[in-house]
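Student: Give the three-dimensional model of this entry:
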Amino acid sequence: MTNPPGVLISAPSSGTGKTTVMLGLLRALTEDGLTVQPFKSGPDYIDPAFHRAAAGRASFNLDSWAMNEDLVGAIAAQAAGADIVVAEGSMGLFDGVAKPGELGHGSSAETALRMGWPVVLVLDVGGQAQSAAATALGFRMYNPDLPFAGVILNRCASPRHERLTRLGMERAGLPVLGVLPRRGDLTLPERHLGLIQAVEHPDLESAIAGYAAFLREHVDLEAIKRAASSGPMGPSSAALPRPPAQRIALARDAAFSFTYPHLLEGWRAAGAELLPFSPLADEAPSPDADLVWLPGGYPELHAGRLAAAETFMSGLRKHAETKPVHGECGGYMALGEALIDKDGVRHRMAGLLGLVTSYEKRKFHLGYRKAHLEAPMPGHAAGAVLRGHEFHYSTILEQPDAPLARVLDAEGADVPETGSVRGHVSGTFFHLIAEATS
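Tutor: Below you'll find the predicted structure:
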C-alpha cells in the first residue's frame, strides 16, 4: 500500500515566496475538488495553521532530526484518504544541522527523499535571467537521487525576463512549472518569530483565495499533479505520541498556540480529552482536568492582560497545588515570577516557578534540543531523553528552581535553558517533538 502521491515545495533559501506558493497551491487544488493533505518539513510552529486554513485539513510536521522511522510513518499515514499531498520545506532545500539525529540532519531534502515526493523548487529570479538555471541545476544535481519535479520562477519582471530565464532552464533540461510575475501584495505579515499567526491575520480567507487565483493563472497545476509521486505507506497511528494525562486542559488563544499537531493527534487518538481554555479571556483551566498544558506563543505581546487575568491565574495556582502543570516556551514564561516586556515594564506572572524573563533584553535562541530529564515531567519519567526545538528572543534573568533537564543543542553542546521544576510544576524553553530512541 502506498501513500497518496505528493510533491514538496522548497527553495534555495528562506524568503523566496514558497509559503505563498504553498498556500495558493493547497487552495487551488482543493477548489478543483481534490482532498489535499498538507505537511511541513522541519520544526515550524506557525505554517501548519495556515496550511489548514488553505486546505481544510490538518497539517503535520515531519522532521528527520527529531523523529524516528515509526513516528514519521505514523504521521505520514495521516494522509490516508487524500488525493494528493503537498508538503512545504523549511529554509533552503538542503539546510540542516551538522550532526544527524534520529534519521538525518533535519533537511527538507531528506523528507522528500524518504517520502518519495518530487521537489518543486521555487526560485526568486529577480536580478538574473539565464543564470537562474545554474542555481536550479546545482540544486538538481547536489543529490541526484532526490526526485525533482521542476521549478517555479518567482518575481519575474517582464515577458522578456521570462523568455531569457526559460531559455536557461531549457538548456539545463529543467521543467518550468510556472512563472510568477512580481506582486508586492503577495506577502504575509511578519513579526519577530516569522509570520504572524493564522488566527491574527486580518483577512486570511481573502488572502489565500487571492494566492490561489494567482497560481491558477501562472502555474501549470496539471503538470504538478502529474509530477506527484510517493513511497510506501508507514505504520499505523499507534506510533504517535501517547498522552501525558487523560483529561488535559490546553491553553488555546493568541498568546498560547504553538503545539505540534502530531502530539495533539496522538493524544486524541489514544482517547485523551482535550479541554481548551483561553487565558487571554480570563478563563480558568477546567477544575477536573488531570493536567494543565500551556503551549508556546506570544505572552510577551499580551503580558499586561495575562497579569490582570485573575480568574486564570487563581485557577492555575489552585490546580498546581495537587496536580501537574507544564509550560513550553511562552507557557513556561507565564508560569514564572515575572515577564518583562519590550518596553521594560515588569508584569507579574503565575509565580509557580521562580523564572524571570525579559523581552526587553532580547537574544535570539534557535535550534534543535536534546533533553536528558533530571526530573519527571508529564508523560515522561526522569532519565528519559526528549527531542525538541527552541525558537524565541527572551532572555532569562532569574532561574532559581531545580533544572528539569540537561539540555544539549544539535551538536551536543550544553545550553543554559535547562527548564525548571518546582513541586507539580515544570517548564521548558524547547517545544517537545518526540521522545528520543537514540
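
Student: from what I can see residue 428 touches residue 405, true?
Tutor: Yes. With contact defined as CB atoms under 8 Å, residue 428 reaches residue 405; the gap is 7.3 Å. C-betas here are computed from N, CA, C, even on glycine.

Student: joint contacts of those two?
Tutor: 371, 419 (CB atoms under 8 Å, 6 or more residues apart in numbering).

Student: so where is the stretch 151-300 of the chain shaky, pLDDT-wise?
Tutor: 184-202, 233-237 (pLDDT under 70).

Student: ok, now with 90
Tutor: In the predicted model of the stretch 151-300 of the chain, residues 182-204, 231-238 satisfy pLDDT under 90.

Student: Which residue ranges of it form strands?
Tutor: 176-181, 190-191, 194-195, 247-251, 256-258, 273-277, 291-294, 296-297 (DSSP state E, counting those that start in this stretch).

Student: I'd like a version of these in TSV, one that adds distance to residue 376 as further columns.
Tutor: Converted to TSV, the strands of the stretch 151-300 of the chain look like this (distance: least, CB to CB, whole Å):
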stretch	distance to residue 376
strand 176-181	50
strand 190-191	35
strand 194-195	32
strand 247-251	16
strand 256-258	23
strand 273-277	22
strand 291-294	13
strand 296-297	21
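
Student: who wins for proximity to residue 107 among those strands?
Tutor: The minimum distance between residue 107 and the strands of the stretch 151-300 of the chain falls on strand 194-195, with 18.5 Å, by CB to CB.

Student: Can you tell me the element residue 426 falls in?
Tutor: Residue 426 belongs to strand 425-428 when elements are defined using DSSP states H and E.

Student: Show me what that strand is packed up against.
Tutor: strand 325-328, helix 330-335, strand 420-422 (3 or more CB pairs under 8 Å, 6 or more residues apart in numbering; DSSP states H and E).

Student: circling back to that earlier point, can I get the strands of the stretch 151-300 of the chain in CSV including distance to residue 113 and mean neighbour count?
Tutor: Compiled in CSV, the strands of the stretch 151-300 of the chain are given as follows (distance: least, CB to CB, whole Å; neighbours: other CB atoms under 10 Å):
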stretch, distance to residue 113, mean neighbour count
strand 176-181, 20, 21
strand 190-191, 30, 10
strand 194-195, 25, 17
strand 247-251, 34, 23
strand 256-258, 28, 23
strand 273-277, 34, 17
strand 291-294, 34, 27
strand 296-297, 30, 27
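
Student: Of those, which is nearest residue 75?
Tutor: Once those are compared by CB to CB, strand 256-258 is nearest, at 17.4 Å.

Student: how far does that closest one sit from the chain's center?
Tutor: Offset of strand 256-258 from its chain centre (CA atoms, centre = their mean, to the nearest Å): 11 Å.

Student: got it, and stretch 22-38?
Tutor: That offset, for stretch 22-38, works out to 19 Å (CA atoms, centre = their mean).

Student: Using CSV, write out every CA atom in it.
Tutor: Once non-C-alpha atoms are left out, stretch 22-38 reads as follows in CSV (Å, rounded to 0.1, in the frame of the first residue of the first chain):
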residue,chain,number,x,y,z
MET,A,22,2.2,26.6,-0.9
LEU,A,23,-1.0,28.3,0.3
GLY,A,24,-2.1,29.1,-3.2
LEU,A,25,-1.4,25.6,-4.5
LEU,A,26,-3.3,24.0,-1.5
ARG,A,27,-6.3,26.1,-2.1
ALA,A,28,-6.3,25.8,-5.9
LEU,A,29,-6.2,22.0,-5.8
THR,A,30,-8.9,22.0,-3.1
GLU,A,31,-11.1,24.2,-5.3
ASP,A,32,-10.6,21.6,-8.1
GLY,A,33,-12.3,19.1,-5.9
LEU,A,34,-9.2,17.2,-4.6
THR,A,35,-8.7,16.2,-1.0
VAL,A,36,-5.3,17.7,-0.3
GLN,A,37,-3.1,16.7,2.7
PRO,A,38,-0.6,19.3,3.8
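
Student: before we move on, the earlier item: parallel or antiparallel, which strands does the strand holding residue 426 pair with?
Tutor: Strand 425-428 has its sheet partners listed here by DSSP bridges as strand 325-328 (parallel), strand 420-422 (antiparallel).

Student: Buried residues in that strand, which are they?
Tutor: 425, 426, 427, 428 (16 or more other CB atoms under 10 Å).

Student: Kindly reformat those as JSON lines and extend each row with distance to residue 133.
Tutor: Converted to JSON lines, the buried residues of strand 425-428 look like this (distance: CB to CB, whole Å):
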{"residue": "425", "distance to residue 133": "56"}
{"residue": "426", "distance to residue 133": "52"}
{"residue": "427", "distance to residue 133": "50"}
{"residue": "428", "distance to residue 133": "45"}
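
Student: hmm, which two among those residues are most spread apart?
Tutor: Top of the distance list for the buried residues of strand 425-428 (CB to CB): 425 and 428, 11.8 Å.

Student: Can you tell me what sits against stretch 260-278?
Tutor: Contacts for stretch 260-278 (CB under 8 Å, 6+ apart): 45, 48, 58-61, 71, 74-75, 78, 237, 240-253, 283-286, 289, 312, 431-433.

Student: And the pLDDT for the nearest residue to residue 12 once chain neighbours are set aside?
Tutor: Nearest residue to residue 12, sequence neighbours excluded (CB to CB, 6 or more residues apart in numbering): residue 92, at 5.2 Å. For residue 92, the pLDDT comes out at 97.

Student: what about residue 92, neighbour count?
Tutor: Using other CB atoms under 10 Å, residue 92 has 17 other residues around it.

Student: cool, and residue 334?
Tutor: Residue 334, neighbours per other CB under 10 Å, totals 33.

Student: hang on, it packs against residue 293?
Tutor: No. Look at residue 334 against residue 293 with CB under 8 Å: they stay out of range, at 11.9 Å.
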